[in-house]
Each structure stands twice: as structure tokens, then as C-alpha cells.
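Peer 1: The following comprises the amino acid sequence and a computationally predicted model.
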Amino acid sequence: MHIIFMAAITTIAMNITLTTTSPTSLETTRPLRPSRFLAENQPNPRAADHCNKDDEICYVLEGRNSTCCNNKCMDLSEDKHNCGSCKKKCKFTNSCCNGECVNFAYDKRHCGSCGNKCMPGGYCIYGLCNYA
């Protein structure tokens, strides 16, 4: 009887040992795949073109008004954060027209949009020429 009891305890101990050391978690049974970031071999299409202080690259890539500002090609005639020169920001209510910060609501030369001039003697209010 003593031998049967010892054999049963030994069998139970071996089963416990085998179940705790065998791979049962999902992480070890799942096949390993490479990361999607490591699998990419193409450059990011949304990445900015870096000009490295070379205005000629911007001229070729973007057009004649482009200049290299902060390592990016910017159009200084329209960019609100680089209006007329690098890092020259327009106020919150202003916009950039031809490299100049203007207020579309009250500027006679740019009433409502760039280049929209009011008639001589007219005025610009709320972006409309001769309002009211």
C-alpha cells in the first residue's frame, strides 16, 4: 500500500512539473512576426522634403516663391507663419498676401481676399467693399 501511495504522489508531482514548465501562454505559442515598422522598406510619403538651407532645391520642387525656412520649403508670399521672411508670423486675425500681413476685414487693397481692391474712395468693412 505504501508503494502505491508513493507512486501516485510521484505521478502527481511529475504532472504538476510538466504543466508548469510547458508553454501554455498565448505569447509563446503565437508565431513571431516582424514589426510593421521594421518591415517597411519605403520612405514615408508624407515626410517633409528637407532643403538644408538650399533655396535652389525649393525653387525646383515648389516653385519660384519658395524659400528654405527651418529646413522646409515654404512659400513666403502665402504662409501665415513665414510671411515675407522666415519666422515672421502674422497676427491671429491677419493673413499673408504677397509677403505682407493684412487684415481681410478692413484692408482696402485686400478686402475679403488677396488682391480684391475696393473702388477709389470706397472702404472695406467685414471683408466687403462699401458694406451698408
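Peer 2: Structure received.
Peer 1: Tell me, how many residues neighbour residue 90?
Peer 2: 19 (other C-beta atoms under 10 Å). Just so you know, the C-beta spots here come from the backbone N, C-alpha and C atoms, and that holds for glycine as well.
Peer 1: Quick check: nearest residue in space to it, chain neighbours excluded?
Peer 2: Leaving aside its sequence neighbours, residue 90 sits nearest to residue 101 (C-beta to C-beta, 6 or more residues apart in numbering; 3.8 Å).
Peer 1: same check, this time on residue 88
Peer 2: Nearest residue to residue 88, sequence neighbours excluded (C-beta to C-beta, 6+ apart): residue 82, at 6.4 Å.
Peer 1: circling back to that earlier point, quick check: the residue nearest to residue 90 is in a strand.
Peer 2: Yes. Residue 101: assigned to a strand according to DSSP: H, G, I helix; E, B strand; the rest coil.
Peer 1: picking that back up, pretty sure the residue nearest to residue 88 sits against residue 74.
Peer 2: Yes. Between residue 82 and residue 74 a contact is recorded at 4.6 Å, counting by C-beta atoms under 8 Å.
Peer 1: quick one: secondary structure of the residue nearest to residue 88?
Peer 2: Per three-state DSSP, residue 82 ends up coil.
Peer 1: Could you pull up the residues touching it?
Peer 2: Contacts for residue 82 were tallied using C-beta atoms under 8 Å, 6 or more residues apart in numbering; they are 67, 69, 74, 76, 88, 89.
Peer 1: about what we covered before: tell me, what's touching residue 82 and residue 74 both at once?
Peer 2: When contacts are counted by C-beta under 8 Å, 6+ apart, residue 82 and residue 74 are jointly contacted by residue 67.
Peer 1: Regarding this protein, what is its longest helix?
Peer 2: Ranked by residue count, the top helix of the chain under DSSP state H comes out as helix 2-21.
Peer 1: picking up where we left off before, for the contacts of residue 82, work out which two are farthest apart.
Peer 2: Spatially, the most separated pair among these is 67 and 89, at 15.4 Å (C-beta to C-beta).
Peer 1: If you count surrounding residues, which of these two has more?
Peer 2: residue 67 (19 against 13).
Peer 1: Would you list the strands that the host helix or strand of that one pairs with, along with their directions?
Peer 2: Using DSSP states H and E, residue 67 sits in strand 66-69. Pairing partners of strand 66-69, with direction, according to DSSP bridges: strand 72-75 (antiparallel).
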